[in-house]
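> let me see the structure of the following:
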Amino acid sequence: MPVLVDGQAIGVAYLSQSLRDVLTVLNDLRARLLLSTLIALAVSACVGWWLSRRITRPVQQLTTAAEAVAQGQFDQAVQVRSRDEIGRLGQTFNDMTARLQAARQMQVDFVADVSHELRTPLTSIKGTIETLRAGAVNDLEVRDRFLETVEAETDRLIRLVNDLLVLSRADSAALNLSRKPTDVGRLVQAAADRLAEQAQARELTIQVKIDPEAPPAWADADRIEQVLLNLLDNAIKYSRPGGSITLRVSAAPDRHVLVQVIDEGVGIPAAELPQLGQRFYRADKARSRAQGGHGLGLAIAQSLIHAHGASCGWKAKRAPARWQVSRCRRTRAVIRVCAV
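This is a model prediction of the structure:
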């Protein structure tokens, strides 16, 4: 700084300070920042590697398991260790493989059951023909009896094949439904009249209760009649002599027609209710095939109801069969016809 006296510089004041301490502090800060940066990079790399492993490992497991499923190994399952999106994906994959495995087992069981059902009548027919060829054909009475057996077994095969064809078409959505406004009460009454003689032979009484407020159903009359006949025939077969069977038609609050087939038979254990509707399932294992059928009646009934887009359920005790058929929707094409 200049020193001025009367405007003239007579001297200069000079002050100085060494920057060594400042540079020391700056160098120390620079070292600390560099060390912190290196530590942060190392920590970030470790965390990134851990996160990538945590994400990629389940994906790799899913990929490996999916490749195994594609090769036909349906017993695959992955470990679910989280509840995030990856965890939900793994749980969904496990559910999918479980269903595939169950479907495959059902397919194997179905083929075995069909083979058994076909083998029995074919063996009977073959044995009858061999007996006739051995000389029984010369006895007219024996020949006629054996031919009746062959005819009965052939009819049994035809019924079995037709039932399987209906189930196959229902599964492949190839079941052509001719829907129109249908008076379900009339179908119920017709089914009761058709099987009245069979019920009387077992000393059973069929009661029909039809709600006059029940609306028409938008359904295939022939298929619904087939469902009714299957349910009613099943109720007759498994009812005790002297009991009664009730067919009830009513209007449901959700624009459905509710039909109930109620019997007073031997009943169904609650634990076996989920198995009703499965193919070749029979609650009474001791009952012969001739008396109890092939075990396809309820399966066909359930498939036909599902083909209508309706629901089918089962209850124990006094209501073993319950199903619903949707009423026609509020569209211009059908509301005029279905107005009650």
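
> wait, isn't Thr246 in contact with Val259?
No. Counting by Cβ atoms under 8 Å, Thr246 does not reach Val259; the two are 11.1 Å apart. Any C-beta I mention is one placed from the backbone N, CA and C, and that applies to glycine too.

> these two: which is more packed in?
Val259 (27 against 17; other Cβ atoms under 10 Å).

> show me the shaky parts of the stretch 1-150 of the chain.
Applying pLDDT under 70 to the stretch 1-150 of the chain flags the ranges 137.

> recalculate using a threshold of 80.
Applying pLDDT under 80 to the stretch 1-150 of the chain flags the ranges 17-18, 53-56, 58, 74, 81-84, 86, 102-103, 105-118, 120, 132-142.

> look up phi and psi at Arg143.
Dihedral pair for Arg143: phi -60, psi -40, per degrees, to the nearest 10.

> burial measure for it, as a count.
So Arg143, with other Cβ under 10 Å, has 14 neighbours.

> could you report the separation of it from Ser124?
Per Cβ to Cβ, to the nearest Å, Arg143 is found 16 Å from Ser124.

> so how far is Val69 from the residue nearest the centre of the chain?
The residue lying closest to the centre of the chain (Cα atoms, centre = their mean) is Arg99, at 9.2 Å. To Val69, Arg99 is 11 Å away according to Cβ to Cβ.

> also Leu231?
The value you get for Leu231 to Val69, if Cβ to Cβ is used, is 39 Å.

> this structure: helices as residue ranges?
Counting by DSSP state H, one finds helices in the chain at the ranges 20-70, 85-133, 140-171, 184-194, 196-201, 221-237, 289-292, 297-307, 335-338.

> low pLDDT regions in the stretch 151-300 of the chain?
If you take pLDDT under 80 as the line, the stretch 151-300 of the chain has these spans: 159, 162-177, 238, 252-256, 263-300.

> relative to Val5, which of the helices of the chain is closest?
helix 20-70 (35.2 Å; Cβ to Cβ).

> for that closest one, enumerate the helices and strands it packs against.
With contacts taken as 3 or more Cβ pairs under 8 Å, 6 or more residues apart in numbering; DSSP states H and E, helix 20-70 sits against helix 85-133.

> the inter-axis angle of the helix it packs on versus helix 140-171?
Comparing the axes of helix 85-133 and helix 140-171 via axes from the mean of the first three to the mean of the last three Cα atoms, to 10 degrees yields an angle of 160 degrees.

> counting contacts, what elements does helix 85-133 pack onto?
Of the remaining helices and strands, those touching helix 85-133 by 3+ Cβ pairs under 8 Å, 6+ apart are helix 20-70, helix 140-171.

> for the shortest one, packing partners?
What that stands for is helix 140-171. By 3+ Cβ pairs under 8 Å, 6+ apart, helix 140-171 packs against helix 85-133, helix 297-307.

> of these, flag the one that's most buried.
Counting by mean count of other Cβ atoms under 10 Å, helix 297-307 has the highest mean neighbour count of the helices and strands packed on helix 140-171, with a mean of 22.

> show me what that helix is packed up against.
Under the contact criterion of 3+ Cβ pairs under 8 Å, 6+ apart, helix 297-307 touches helix 140-171, helix 221-237, strand 312-313, strand 321-326.

> quick one: that helix to helix 140-171, angle?
30 degrees.

> who's in contact with stretch 136-148?
Residues outside stretch 136-148 that contact it (Cβ atoms under 8 Å, 6 or more residues apart in numbering) are 128, 131-132.

> got it, and stretch 163-173?
Contacts to stretch 163-173, defined as Cβ under 8 Å, 6+ apart, come from residues 114, 175, 279, 294, 296, 299-300, 303-304, 306-307.

> possible to save the helices of the chain as TSV with distance to Ala251?
Output for the helices of the chain, formatted as TSV (distance: least, Cβ to Cβ, whole Å):
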stretch	distance to Ala251
helix 20-70	47
helix 85-133	36
helix 140-171	27
helix 184-194	10
helix 196-201	26
helix 221-237	16
helix 289-292	34
helix 297-307	18
helix 335-338	12
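
> and those: which comes nearest Gln207?
Closest to Gln207 of those, according to Cβ to Cβ: helix 184-194, at 8.5 Å.

> give the buried residues for the closest one.
Using 16 or more other Cβ atoms under 10 Å as the burial criterion, the residues of helix 184-194 that qualify are 184-185, 187-189, 191-192.

> same for that helix, what does it pack against?
When contacts are defined as 3+ Cβ pairs under 8 Å, 6+ apart, helix 184-194 sits against strand 205-210, helix 221-237, strand 244-252, strand 256-263.

> could you check how far the nearest residue to Gln198 once chain neighbours are set aside is from Leu247?
Distance criterion Cβ to Cβ, 6 or more residues apart in numbering; nearest residue to Gln198, sequence neighbours excluded, is Ile236 at 5.8 Å. Here Ile236 is placed at a distance of 12 Å from Leu247 (Cβ to Cβ).
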